[in-house]
Structure formats: C-alpha cells, structure tokens
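Visitor: Sharing a model that was predicted from the sequence below.
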Amino acid sequence: MSTRFPPSSAAVAQAPGLKRRQRPFVGRLRGGALPYILGGDHAITYPVMLAYEGAKPITLVQFDAHIDYRDDALGVRYGHGNVMRRCRELPWVEKIISIGIRSSRTRKVDFDDNQAAGNVIIPAWDIHKMSNDELAAMLPQGKDVYISFDIDGMDPSIAPGTGTPEVGGLGYEQARFILERLCAKNKIVGFDLVELNPFLDPCQITALLASQMMVDVAGFLYHD
C-alpha cells in the first residue's frame, strides 16, 4: 500500500499536517487492523482515507446532518465542511452515500456538485417515512465500506453535544438498524465517530449515545 499523497500540491501546501495524521493509519492497515476512531472535528476522515491508497474501491457511508461538500469555506479546503468533497476526489473512493442529511444551509452548488459526482443522499425526512425494508434496499451490499458517523446526524434531543446540531435527525433505533445492515451486508474497512463535543452537553447524554453506537458497531462486526 502506497503512503504518498494523491497528486495534489494543494494538499501539501494548504494542509501540511495531513501527512502526519495519515502516517499512523498506514502501518496499522498494513498489519490488517481495522481503523476505529473516536474524535472531534470531522476533517480527520480525510487523512484516514488517504491511507487506503492502493486498496479496493471504497464506498464511504456518511451519517450526517450536512453533506460537507463545500469546495472552499472562507479559504479552508481541508476542514469539516469540505471533508466529503475531498474524500470523493480520491480515486479509490467510488461513491459517498450520505444518510440523515437535513440542513437548510446546504448551498445548491454544493448539492449539484455532490450529485454530479454520482453520490447518493438519503435525507432524514425520507428515512422517517420509510419502512426498514425500503431503507435497507437503498444501502450498499457486497462493498468495501468505510463508515463516517458525524454525531449531528442524530436528533439533538438525544445528541445535543455537537457544534452544528440540526432538528429532525435520526433516532437511536434508526441508526442502529442502518449500522447493523451495513455490517451484515458489506466488508467494513474502517469506522469513525466524530463531532462529539461533551462540553456542549452538561448531561453527557451525547457521550453516552456515542459510546453505545461504537459498542454496537463492534458487536455487529465481531459477534459469533
């Protein structure tokens, strides 16, 4: 597996810390480990995805309230608002499936670019109306899947501890069902849960939810 950056001098010039953040994952992937990451800023997903260069094509499944597909946000190109766009530009990321999208601040140009790249968006309001069978039919099967779980994909009534909450998000049972199906029908090559900020939640229910989701995924992956 190669460790070089994708052919973009801008990546090195604008975000010199990316290679440092990428490096630990390369060695672990070579050793057969499955990256399992808990963190803050969603931007961390991009340096993790860089480490998969040379792997089979990856379907990136994003749980999120936002599509994170801006090309440039106030001069920033490698932040949490750009992360899915930067990941989709990698040749080994064949598609992004975004689950729980509902932000009213999504710009039309970013939505159009997202769709032109062949990505799939499953809005939260559609999920609320779907049966489990209808929802399962929209999920990937037989793919190498990386799951990036932004905690703001969940409803703020159960996950207030995040920087950009949006009303109308997923419930725990909905997210658990989707995660279970993804793990059962695909090869999971990595998982991150991001944008958790305990300081914004004095009751700590967001941290409780996040820890439960990570335990659930571990169980789905490694149960007998």
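Guide: Done, it's in.
Visitor: what does stretch 204-222 rub up against?
Guide: With contacts defined as Cβ atoms under 8 Å, 6 or more residues apart in numbering, stretch 204-222 is touched by 34, 36, 38, 147, 149, 151, 154, 158-162, 172, 175-176, 179-180, 183-184, 188, 191, 193, 196-198, 200-201. All C-beta spots, glycine's among them, are computed from the backbone N, C-alpha and C.
Visitor: List the buried residues of that stretch.
Guide: Buried residues in stretch 204-222, counted by 16 or more other Cβ atoms under 10 Å: Thr206, Ala207, Leu209, Ala210, Met213, Met214, Asp216, Val217, Phe220.
Visitor: now do stretch 142-157
Guide: Under the neighbour-count criterion of 16+ other Cβ under 10 Å, stretch 142-157 has 143-156 buried.
Visitor: average pLDDT for the longest helix seen in the chain?
Guide: Longest helix in the chain, counting residues (DSSP state H): helix 205-222. For helix 205-222, mean pLDDT is 96.
Visitor: And Pro6, what's its pLDDT?
Guide: 40.
Visitor: same thing with the one 4 residues further on?
Guide: Taken from the predicted model, the pLDDT recorded for Ala10 is 42.
Visitor: residue ranges for the helices of this structure, please.
Guide: All helices of the chain, identified by DSSP H, fall at 9-14, 18-30, 45-50, 83-88, 108-116, 124-129, 132-137, 172-185, 205-222.
Visitor: Present those helices as a markdown table; the columns should include distance to Ile97.
Guide: Converted to a markdown table, these look like this (distance: least, Cβ to Cβ, whole Å):
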| stretch | distance to Ile97 |
| --- | --- |
| helix 9-14 | 24 |
| helix 18-30 | 22 |
| helix 45-50 | 14 |
| helix 83-88 | 11 |
| helix 108-116 | 11 |
| helix 124-129 | 12 |
| helix 132-137 | 12 |
| helix 172-185 | 9 |
| helix 205-222 | 16 |
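Visitor: how about those helices, which one is nearest Val76?
Guide: helix 9-14 (8.3 Å; Cβ to Cβ).
Visitor: Look up how far Val83 lies from the spatially most central residue of the chain.
Guide: The centre of the chain sits closest to Ser148, judged by Cα atoms, centre = their mean, with a distance of 2.2 Å. Distance of Ser148 to Val83, computed by Cβ to Cβ, to the nearest Å: 8 Å.
Visitor: Quick check: Arg107 touching Arg70?
Guide: Yes - under the contact definition of Cβ atoms under 8 Å, Arg107 touches Arg70, with a separation of 7.2 Å.
Visitor: Flag the shaky bits of the protein, pLDDT-wise.
Guide: For the chain, applying pLDDT under 70 flags the ranges 1-24, 27, 224.
Visitor: returning to that earlier point: among the contacts of stretch 204-222, which are in strands?
Guide: The strands, defined by DSSP state E, take in Tyr36, Leu38, Ile147, Phe149, Ile188, Phe191, Leu193 from these.
Visitor: Phi first, then psi, for Leu196.
Guide: Phi and psi for Leu196, reported as degrees, to the nearest 10, are phi -80, psi 130.
Visitor: Comparing Arg107 and Arg70, which residue is more hemmed in?
Guide: Applying other Cβ atoms under 10 Å to Arg107 and Arg70 shows that Arg70 carries more neighbours, namely 22 against 11.
Visitor: Roughly how far does the residue nearest to the centre of the chain sit from Ser157?
Guide: Per Cβ to Cβ, Ser148 is found 22 Å from Ser157.
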